Every structure is written in structure tokens, then in C-alpha cells.
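In: Okay, here's the prediction I keep looking at, along with the sequence it came from:
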Amino acid sequence: MSEELEQLRSQLREWLDQNAPKDWRESASSHALFAEQQRAWFRKLVDAGYGIPHWPAGWPGGGRSLAEQKVIYEELARADAPRLLLTFVSTYHAFATLHECANDDQRDRLLPGILEGEIWCQGFSEPNAGSDLAAVRTKATRKGDVYIVEGQKVWSTMAQYADRCLLLTRTSDDGPKQAGLTYFLLDMKTPGVSVRPIHQIQGDEEFAEIFLDNVEIPVSERVGEEGQGWAVAQATLASERGLTLMELAYRMRGNLFRLADTIEKRGRSEDCGIQRDLGRLATQVDAVCALADRFLQKRMDDEERIGDASIVKNAYSRALRAWADLGVRVDGYSGQYRQAITFGDLNTGNWMADFMNSYAWTIAGGSEEVQRNIIAERMLEMPREPKNWTLS
Amino acid sequence: MIELSELRDAVQKAFPPDPLTPDRDQSWQLAAEMGWLILELSDEQGGLGMGRDASATLHYELGKSLPAVPLIPALLGLQAVAASTCLAGKEEWIKRVSGGEYTPLNMLPGAAVEQNADGTLSGVIPGYFEADMARQVVAASAAGFLLIPTDAGGITLSEHPLWDPSRRIFSLELNNYQPDPALVIANPQDAGELHDLISPSAQLAIASDSLGAANTLLEMTIEYLKTRRQFDRPLAMFQALKHRVADHKTALEAAEALLWSRAGPTSSMEELGALKALCVRTFRDIAEDAIQLHGGIGLTEEHPCHRFFKRAMLNCTLAGDVDHWEGVAGRALLSSS
């Protein structure tokens, strides 16, 4: 087995030497150009059989074990190739939802489009349903063969480029709030759908708001039954975590040289305090890499505990913050001169941008605080706070 | 050869976390009988020929009980003897030391020993744990690495009371001590090489001991938070406290992952030094906060919190401190970039 893994590794390494874009940081000077670049890189990876290793056998390059997937992401990180961001929701979240929860008709209609580059976005969060996702209020009302949808979604990653949306709505206010949710596959070209990108503090536009005004969705686009939306959403959210964090941790380690470069550039290499802080940070990053490796090993061995994924996420996001923090500190006032940002990368060496970008991992995908609750309550079995809190 | 899981089970069985710090002399007997002194000794030298990960497992599991038994300095001393290329009657020495004759290596920096004009040695070497039970010690000096009998002329051991109640520590005082040529472990020109051979084991051992202890302490603290009630609810229900515990758990898991990933034969001294820095820091952070999370009871002598705290603080200073090893790691990265 490990021989096969090494063979995969060397084949991919050779392929990446020939094919991985080298100048992607410089050439994506706008968000639109970044999206173009992403589409082309996804196409290339799919054609070579490395784009969807987690899909079942039968799909091009599918049927890879978790160990093989790990090798692929290790090598992508090592080659410093662009991360697949634009197609991430399509190939992980949409795929998992269709594969696990959709009916045959939906699967047959929609899966091939993902390989052809259709972009999906996730319509889950709302202005008043962030960490508390079950509080979703976007209303879907059945009317004959269609549902009429009214509401607003937010923090939808790259929804401005999306062809389709994984949409979580409320169809009932009765009973527990999780029980009134229903899940749809929405065509973003449907009349009444409008998208507005969110301008982030560092100048990127990775997320967008989606406004749904009297939008008609055919009943055939519902996933599962009415009221089963929460369960479907769990399948969507469970689709990926381990590999991404491993890949990101490896990429942070591979980019430690950017910190060393800044330290040299600012004449701080002989500063013992900076040397120690760098040494501590490098060790912290190594520990996150080891933690992500161990997590994947547990997954492979079926030994994952509830909360393990939260631990990896929090360990990574804190290390990422510390990484950017040291960079900003060493860069001094020069770091406060605004520079053009690089799209699609968390470890650029543009320190203020990296620092602001690091919040993407302490807030998005279940905030650091929610993860802490999961670790404390579900792994360490500390009691939950009482429900039914009211302002006295 | 035994499996790591068997070793783990055996240590857990022999050293349950209660009582903490079991009797030293009985523990020493037990450790010798269990074969823990010969874990890493090669087959040819009469050992079990196990790897670094076996020692790491041993010290990690032992660490959970804040052991008084000085297995770390004992194994390092044995390693020095076994690696010697010049010690007279080495086979016999290995037999004696691995058979239970406690021969520690010192664990603190700051040795100051000078060679006098007549070839004798004078000075002080700090950092010998439990030296009252040592027949001889391993000492680095201007004359190389030496075995020094503790009852030799010109040799005095003086104890320094420690804050840490789980261990005792002694300085070796040399007063015109005449080194015995038959007891040289490494000549001065080979001393650096021997040091670099032993240091990685020391780093890994302290890292393992620290994380084992940190584990027990964090569990104990969580248990306390679940039990203690204020404002009509267990403390464990307060999110402000839960979040701190979750962060400690996260730090501990990350440090453990790094520990086991570096417990193999290929890790360098620098990598293990950086690992040690992370692990003692993690232990210390948890120990500091455990007292705060226990509140008043954490400040009392009868509660075990302070014993973990004091052990953590001492561990921070052993075999090169946190500042030293973090600096080494930082400089390595700067020079490779």
C-alpha cells in the first residue's frame, strides 16, 4: 500500500512540476481574473485525474482512499499550487449533499455539471442565523408544484460566481427550530435572485449576500422531505474538514520563509527576541501539521472522537493568527503602507492583509467560540448552559 | 522486545495517578524489575533494543503520577556509559548500571569545573536528582565525561531544597578531586559528540514527562469544575471557564501530536529541543491556570494542584530552557531561508 502511495506521490510531483501555475499570485490582480485562473486550474486537475479524488470510483480520478487524498493535498501544498477555492463548495459540499441525500434524478442531472466547472455556493447563514444556524428564517411556502422563497442569505462564499446554490429554508415554525427546515437546490439564474459581494476589510470579496425575492423553486429541486433540512445540512457540513486543514497547515509551514525574509529585510535577524518568537511559532506550526496528520490517521482508523475536528480547526486558526501577528510586528510601519492583495492565499507575506484574512478561520466555518463549546461540552462532557434564557 | 501498548499498560498499572508521587525507593525497585532501565539498551548489551518512542511512552505514562523515581537521569546516565568507547570494563559497568545501580546524569546547566595544575578537578556541577541513592554519577568536566564515585575523596554531594516536592536535587562539589583514568567515559575531544548523542533523549524525556503530567492535571481540573457548585450550578457550566479548558485541551492535543511525530529515531537534537520547549510551556500554562480554576483550594498545600505547578516550573529549567531552544529553532529557520 505505501508503495502505491509513493508511486502516486512521485507521479503527481512530476505532473505538478510541469503543470502547476507558478505565477498565480502575481497574475490574479483582480477577483475576476482570480476566478478565471481558478476555473482553468480546476479543469486541468480534473483532466489529469487529481481534481476530485474523494468522489467514488467511476468518476475521473475518483475512488481514492483517504490516504491517497492526503498524498494529493500534501503534494499540492508542497508545489505551492493554487488552492481550489472557487470549486470547493461544488466538489465537496454540493457533491456530498447530492451523493448522500439527493434522489437519482437530481444526482444524474447535477453531478456532471460540477465536473464541467459549474460553481455552487452555500445559502445557509443569515443575518440572524450565524453560529446559531437552526435559526434560519428564509421562508419557503409550497404553492402547487413550486415553493415560493423569500429571504436573505449572507456569508456565501463566492456566490457572485455561482451557478447554483445549496439553500436552507424554513417551511414551518412549529416544534423545535431544527424540525421546520427544508433544503433546496437553487438555480441562481431564477428570477428574483440577486447577489451582492461583501467588501471585506482587507479588500477582498470572497463572500456575498444573496437576496431572494419571490423566488420560485420547483418541488423537484427539494432535497429530502419537507422538515428534513437540518439533517441534509449536517451532511453538507460534514463533507470536508480534515484534508483542508492539513493542506492549510502544510502551506503555512511551507511559507515560514516569508517570515524569515521579512525578518532579514527589516534587519532583525540578530534580534534574540525575534529569533525566539520565530522558533516558537515554527514549532507551533509544526505541531498543527502533526495534529492534522494525526486527525486524518484517526479518521482512517475510525477512531475520530467528537470534537477532534474542532481541536484541529482552533489549533490551526490560532497559529495562523500568530503567524500574521509576528509578520506585522516585524514589518513595522512599512507594513502599514497599503499594498495590493493576493487573492486565494492566506500566507502571502502582505502582513496586514494576512492578519485580517486570518479571521476567515477564527470566524468562518463555525467560529472559534462555537468550536470551544463543542470541545468542552461534547468531548470533555462539561454541562451545557440552561436553555430558555430570558431577559429578566 | 515488547509492544508499546504493553509497555503503556504496564506503566499505567504499576503507577496509577493515585497516589501521586509514590515512594521513590519502592518505585526504583519496581522499575528495575520491570526492565524499564534497559528499554533502549541494545540486544548485544543485554537490553530490549527498543526505540526512542519506548522511552517517550515510559516517561509520558510515568509523568502522570509525578514520579519521584529518577528514571530520566538514570536512563541518560546509562546511555552515556553504553555509548562510551573508552570506559575500562564497560560490559561490567553496563551490567551494574542497568541492573539497578543508580548512576545519574546531571540535568541542569551551569556546571563550573576547572582542572587544576596537578590534574585534579575543582568546582560544582548542579542538577543531580536523588543523588543520595547514587553510587556514582556521570559528570561532564574539563577532563571529559567521567564516572565519579560519590564516596571518592574530594567529592561532596549537597542537597538544595526544591519548591517541587516530587523530587530532590543535589550539587556535586569537587574539591581537588583526582579523576580515575579507568572511569573516563569520553575524553575531552569526544565529549561534544557524546553530549549531542544524549541531549536528544533528555529533551524527549522531559517533553514526555511534562505532557503526561499535564494530562492528569487537566483531567483533574475538569473533574473539579464539574463537581464544584456556585450560583446554583456547576462551575463547568460557565462558558468563560469552559472556553479556557477547551483552549488548554487544544494546546495539549497539538503538543502531543508533535511529541509522537518526533519520538522516532530521525529527529534532530534541535527538533527535540524545540519540542521540549513547546511541551514544558504547555504544561506550565495548564498548571498555572489549574490553580486559578481551582480557586482558593488550589492555593492550599493539601490539594495536589501546587505539586503539578512546581514540577512544571522545574521542568522548564531542565536540559536547556525554553528561551534557549526557541532561539535555536528560530536561528535554524533564519539560516535555512
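Out: Good, I have the coordinates.
In: ok, what's across the strand from residue B:144?
Out: In this entry, residue B:144 is beta-bridged to residue B:141, by DSSP bridges.
In: Now for the chain, the helix or strand with the poorest mean pLDDT.
Out: This is for chain A. Within chain A, no helix or strand scores below helix A:24-27, which has a mean of 88 by mean pLDDT, DSSP states H and E.
In: my bad, chain B
Out: strand B:112-115 (a mean of 92).
In: Now do the buried residues in that strand.
Out: residue B:113 (16 or more other CB atoms under 10 Å in any protein chain shown). From N, CA and C alone the C-beta is placed, and that goes for glycine too.
In: Name all residues that make contact with the closest residue to residue B:188 other than its chain neighbours.
Out: Once flanking residues are discounted, residue B:188 sits nearest to residue B:144: 4.5 Å by CB to CB, 6 or more residues apart in numbering or on different chains. By CB atoms under 8 Å, 6 or more residues apart in numbering or on different chains, the contact list for residue B:144 reads B:184-188, B:190-191.
In: Chain B versus residue A:369, what's the distance?
Out: To chain B, residue A:369 is 7 Å away according to CB to the nearest CB, to the nearest Å.
In: re the thing from before, could you dump the contacts of residue B:144 into TSV with pLDDT and secondary structure added?
Out: Formatted as TSV, the contacts of residue B:144 follow (pLDDT from 0 to 100; DSSP: H, G, I helix; E, B strand; the rest coil):
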residue	pLDDT	secondary structure
B:184	97	strand
B:185	97	strand
B:186	97	strand
B:187	96	coil
B:188	94	helix
B:190	96	helix
B:191	95	helix
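In: Any quick PyMOL command for the buried ones out of these?
Out: A single PyMOL command selects the buried members of these (16+ other CB under 10 Å):
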select buried, chain B and resi 184+185+186+190+191
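In: Distance from the chain centre to the least confident helix or strand of chain A, please.
Out: Relative to its chain's centre, helix A:24-27 lies at 21 Å (CA atoms, centre = their mean, to the nearest Å).
In: Repeat that for stretch B:166-180.
Out: Distance of stretch B:166-180 from the chain centroid (CA atoms, centre = their mean) equals 19 Å.
In: now swap in stretch A:48-61 and tell me
Out: Its chain's C-alpha centre and that of stretch A:48-61 lie 19 Å apart, by CA atoms, centre = their mean.
In: Also stretch A:71-84?
Out: With CA atoms, centre = their mean, you get 15 Å for stretch A:71-84.
In: Stretch B:121-136 now?
Out: With CA atoms, centre = their mean, you get 16 Å for stretch B:121-136.
In: Could you chop the chain up by domain?
Out: Defaulting to chain A. Domain segmentation of chain A under automatic domain parsing yields A:2-84, A:118-237, A:242-379.
In: ah, I was thinking of chain B
Out: Following automatic domain parsing, chain B resolves into domains at B:4-98, B:112-189, B:191-336.
In: What ranges in the chain fall below the confidence cut-off?
Out: Unless you meant another one, I'm taking chain A. A:1, A:241, A:391-392 (pLDDT under 70).
In: my question was about chain B
Out: Scanning chain B for pLDDT under 70 picks out B:1.
In: And the helices in it?
Out: Using DSSP state H, the helices of chain B run over residues B:4-14, B:24-34, B:52-63, B:71-83, B:90-98, B:188-227, B:239-262, B:269-294, B:305-315, B:322-336.
In: Next, the buried residues of the shortest one.
Out: I take that to be helix B:90-98. B:90, B:93-94, B:97-98.
In: who does it touch, helix- and strand-wise?
Out: Taking 3 or more CB pairs under 8 Å, 6 or more residues apart in numbering or on different chains; DSSP states H and E as contact, the helices and strands that helix B:90-98 lies on are helix B:71-83.
In: what's the angle between the helix it packs on and helix B:188-227?
Out: On the basis of axes from the mean of the first three to the mean of the last three CA atoms, to 10 degrees, helix B:71-83 is oriented at 160 degrees to helix B:188-227.
In: Are stretch A:273-283 and chain B in contact anywhere?
Out: Yes - applying CB under 8 Å from any CB of the partner chain, one finds stretch A:273-283 in contact with chain B at A:274-280, A:282-283.
In: which parts of that stretch are buried?
Out: A:274-283.
In: returning to that earlier point: any idea which of the domains of chain B gets closest to residue A:319?
Out: Ranking the domains of chain B by proximity to residue A:319 (CB to CB) places domain B:191-336 first, at 8.4 Å.
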